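1. sequence first, predicted model second:
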Amino acid sequence: MKRVYVNEKWCLGCHLCEYYCAFTQTDKTDMAYALRGRKIFPMISVEDSGAVHFAVNCRHCAEPLCVKGCITGALSIQDGVVRLDQERCIGCFTCILSCPYGAISPAEDGHAVQKCELCLSTNEGVPQCVKNCPNAAIVFEDRG
Amino acid sequence: MKYVIIGNSAAGIGCVEGIRQTDKDSEIIIISDEPYHTYSRPLISYLLCGKTNEQAMKYRGDSFYTENNVTLLAPERAASIDVSGKTVLLESGKTIPYDKLLIGTGSSPLIPPMNGLDTVTNKFTFMSLDDAKALERVLEADRRVLIIGAGLIGLKCAEGIMDRVKSIEAVDLAPRVLSSILDDTGAGIIQRHLEKKGLIFHLNQRVDMFDKNRAILKDGAHIQFDILILAVGVRPSVGLVKDAGGEIGRAIKINAQMETSLSDVYAAGDCTESLDVSSRENKVMALLPNAYMQGECAGVNMAGGSKAFDNAIPLNAIGFLGSHVLTAGTYAGEVHTEYSGKIYKKFFCADNRLSGFILIDCVEKAGIYTNLVRTRTPLDTLDTELLFRRPGLIAFMGVERKAMLGGVR
Amino acid sequence: MAAFDFYPDYEVVRNLDRCIVCRVCERQCANGVHSCLEEKNVMLADDSQCVDCQRCVLLCPTRALKIVKSDNTYKQNDNWGKKAINELIIQASTGSVLLSSMGNPETYPIYFDKLVINASQVTNPSIDPLREPMETRVYLGAKPAAVERDDRGRIKNNLPPQLKLSMPMMFSAMSYGSISYNAHESLARAAAELGIYYNTGEGGLHEDFYRYGANTIVQVASGRFGVHKDYLNAGSAIEIKMGQGAKPGIGGHLPGRKIVADVSRTRMTPEGADAISPAPHHDIYSIEDLSQLVYSLKEATEYKKPVIVKIAAVHNVAAIASGIARSGADIISIDGFRGGTGAAPTRIRDNVGIPIELALASVDSRLRNEGIRDRVSVVVSGGIRSSADVVKAIALGADCVYLGTAALLALGCHLCRACQAGKCNWGIATQELELVKRLNPDIGYKRLINLMRAWKHEIEEMMGGMGINSIESLKGNRLMLRGVGLNEKELEVLGVKHAGQ
């Protein structure tokens, strides 16, 4: 299955992926209109320390601790993708406590969580973080 | 192959999904004493405050049983198991044969003997959907509630009914709230937070006696109440295995493959005790994630696969009226604390390992800490100073990070 | 004196209606132009630090930024222009030689733009390159004057070593040190895939790139940095650098801060110490001396590799080229005054040397007149901006062109001409790891390949239009060119007729 991989060697720490991720979650067509004056809640996050930068989002683990630990059944695996049914999530954060990558975060309103679902809803075939990475540091590949 | 599962909650559902990883066809029977589709027990408090409903709190979708070729026998109660004959006898008199059996009977509320308890009319426990429904029927805006027990169940119940009753008071023997998962400072934070929301605590206290709508405390104080909720604790439901001669400690003893001492009988969930790798002790870890993972592990093994669940740790993620408490592992060893007034972090390190932690209102990336506890990662391979300040994979060595992010785990 | 030397030349214009304070501009500017006033959640800019590299403009996800030329003006003066005044002010305040980079940006004539290309009409029909074969392959190296036969009458193989190129373009010398590891990797991989060559420049060859040797030209310059036997044998040809179009007559100076560990090892010079290339080769004072070096290098490589001599285009370039052709060199490379550099004194860059079009025409004419044109191939560089320039250069007599600036542009360079500062925001002319990583060779080499393929198609189209189906038939075919708006003397030097003639 294709997953998002981040090549730390090429990650510039520009954080554009976070903004494109946040933009994709809105229903707006213009990023400035969508995000100006707002705090963003991206599902991918860049970690920086000196010259080291890398973005992290859901690894879509084969044995996801978040799904197994989800107390409501809101998280599930569908066709290899770890999906979240936000309607069923009550924001207990067990998944946040379970994810070894820190890839799940509270949603904007704090009453549920959010996570990367590979931009399946955009139907573009490639996640926006991958598409908009200026240095091809984030790739969408099948590595088995 | 014929699989029988006693219990329709997380362990049982995990078991079904474990079995179905390898055995797609054989019949699975679930015996449940509750007349419901599988639901998430921790959601009963959310049900009372209207954040969920009976449909949304289903632990798996409506088509779960048909999709997985599961026959649900409910409400039916298992009376005993015959290990040599490989049958389960139901209280209704039916006999269910099995090849592999999972005990996922969970636990039941502990009701300690208390003077005058029988004089109280509106008394409830708070574990099951039926408990919640019973409580629901008596909730009125002018009712005063007394909760015995300021632990997880008691406080979640309080949160659930807070806006629907006049007042809530809680009595606990322990000197602090959530005494099983929090230290004094952390408990103080949560206690003050809940007191601001209107809860009244009587800690280091116990009820000497009930007299109808009145509780008389150890120090002589009286509390008037209309509804009594008993949330003192739970008792693992081990009877079936115990009566069949299986080995019982604090609960049903299981190994890493979830096998009990009885052949072809597995157990998972709140009715079991197993190894907590963070303390290296056998414990009853009555937590939903563990129940699921134990059930799943049992299911895989029951279906002829090979799986060990050998890195269980205590794990609690719980919110109280906007405040979030995350804890994991064991509270032993050298302590690193950070308390800024807004957030509270406490880490316990021993033998170059993170043995446990408490986080209040700083949930970000907390799973990175949990993973360290669970996998017993040597701390000297990490930038712990950075890590304790802010969780991130940046604290790992580059090669380790590459292994984590570069491939599939 | 005043608080500031002068008002910044470029201004950062931020459209606050579009700025989402994502801070990409701030993170991506190595010059520290952008900053965030966090308590107000607004971005600020220090225009004085801006070099107009366009990095922030192009990474801004909402297109909230642009850089504009300041309209602050001095009092109108056609003699003392703004540039002249500002440069003088800098020197008055620092006492230093002015440094610049990339090619001469001044308003000298661009002869390529005054030459137009022919096309067939009615007679000698044009060729459709999509239907007919079109030969763009070229071989660089000395060609034998005549067929020789042995005593039994069999043809002797007297062909000196050649470089075989799939198209008449190569990447010119840019040293590892002046440009980054990732830039070199991009060039090397592109050259390998395209079947052409890139040139190490004078900084030696990084050990990682020996595997691209079949597509590498190794350079030997006056500093002899990184030169050793394995290096000489690693490439497919050796280039002796006598001069460079951007700074004829002077040597090179790579500042110590660019000599990081890897660069130091590759150059065989101390880490952190400035690497100075002397103005002359201290062992070359005549064509005879040059000849000695040419043959020394041939000896060292068993006469298996062609030797290139690179010179800057200067006033008596034709005579110099004639001497080089007689020195034993196989290829002459001539670099015009528009040629780029990682650092050069501004006055030299902007005032020394001549246009490559004129130099090329006069060299080609001179070598033909002397009957030695076949002894050498001629490669030109310094001002090739498009496939049309390539066609014009070949028609003027070049065998091939070297592309430097064009290749860098493909890699992301926006010609801000601040290479000398070593803080290239595009990861090209820098050794700072944080900046170097901005050029991902996986992207870079593909862009170079794209560019070369596009130009090759265009060259084929122009050739086809002229009814020419091979580069060999275009070479020196000045009838295919006409001048527009050139005077008699210029036409004479270029050896072309005026349009309409």
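-> Looks like it came in fine. Computed from a prediction, not measured in an experiment: that's the story for all the values here.

2. residues touching C:Phe225, list them.
-> Listed by Cβ atoms under 8 Å, 6 or more residues apart in numbering or on different chains, the contact set of C:Phe225 reads C:Ser175, C:Glu202, C:Gly203, C:Gly204, C:Arg267, C:Met268, C:Thr269, C:Ala275, C:Ser277. C-betas here are computed from N, CA, C, even on glycine.

3. cross those against strands and list the overlap.
-> C:Ala275, C:Ser277 (DSSP state E).

4. put together CSV for the contacts of C:Phe225, with distance to C:Val218 and neighbour count on each row.
-> Below are these laid out as CSV (distance: Cβ to Cβ, whole Å; neighbours: other Cβ atoms under 10 Å in any protein chain shown):
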residue, distance to C:Val218, neighbour count
C:Ser175, 11, 28
C:Glu202, 10, 30
C:Gly203, 11, 30
C:Gly204, 8, 26
C:Arg267, 13, 24
C:Met268, 14, 15
C:Thr269, 17, 22
C:Ala275, 17, 25
C:Ser277, 15, 20
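
5. restrict the contacts of C:Phe225 to contacts with chain B.
-> Among those, no residue lies close to chain B (Cβ under 8 Å from any Cβ of the partner chain).

6. what's the neighbour count on whatever residue of chain A ends up closest to chain C?
-> Residue of chain A nearest chain C, by Cβ to the nearest Cβ: A:Ala32 (3.9 Å). Neighbourhood size, A:Ala32 [other Cβ atoms under 10 Å in any protein chain shown]: 19.

7. gap between it and A:Arg38?
-> Distance of A:Ala32 to A:Arg38, given as Cβ to Cβ, to the nearest Å: 11 Å.

8. same question for B:Ile161.
-> The spacing between B:Ile161 and A:Arg38, counted by Cβ to Cβ, is 35 Å.

9. those two: who's more crowded?
-> Neighbour count, other Cβ under 10 Å: between B:Ile161 and A:Arg38, B:Ile161 has more, with 23 against 12.

10. which helices and strands sit right next to the helix or strand harbouring that one?
-> Per DSSP states H and E: B:Ile161 is located in helix B:152-161. If you count contacts as 3 or more Cβ pairs under 8 Å, 6 or more residues apart in numbering or on different chains; DSSP states H and E, helix B:152-161 packs onto helix B:44-48, helix B:129-138, strand B:144-148, strand B:167-171, helix B:184-196, strand B:315-320.

11. what's in contact with it?
-> With Cβ under 8 Å, 6+ apart, helix B:152-161 has contacts from B:42, B:44-49, B:126-127, B:132, B:135, B:139, B:145, B:147-148, B:168, B:170, B:172, B:177-178, B:180-181, B:190, B:194, B:199, B:229, B:231, B:234, B:316, B:318, B:320-321.

12. go with 7 Å
-> By Cβ atoms under 7 Å, 6 or more residues apart in numbering or on different chains, the residues outside helix B:152-161 that reach it are B:45-46, B:48-49, B:126, B:139, B:145, B:147, B:168, B:170, B:177-178, B:199, B:229, B:231, B:318, B:320-321.

13. what sits closest to the residue positioned nearest the centre of chain C if chain neighbours are left out?
-> Centre of chain C computed as the mean C-alpha position; nearest residue by Cα atoms, centre = their mean is C:Gly404, 2.7 Å away. Ranked by Cβ to Cβ, 6 or more residues apart in numbering or on different chains and with sequence neighbours excluded, the top spatial neighbour of C:Gly404 is C:Ser172, at 3.9 Å.
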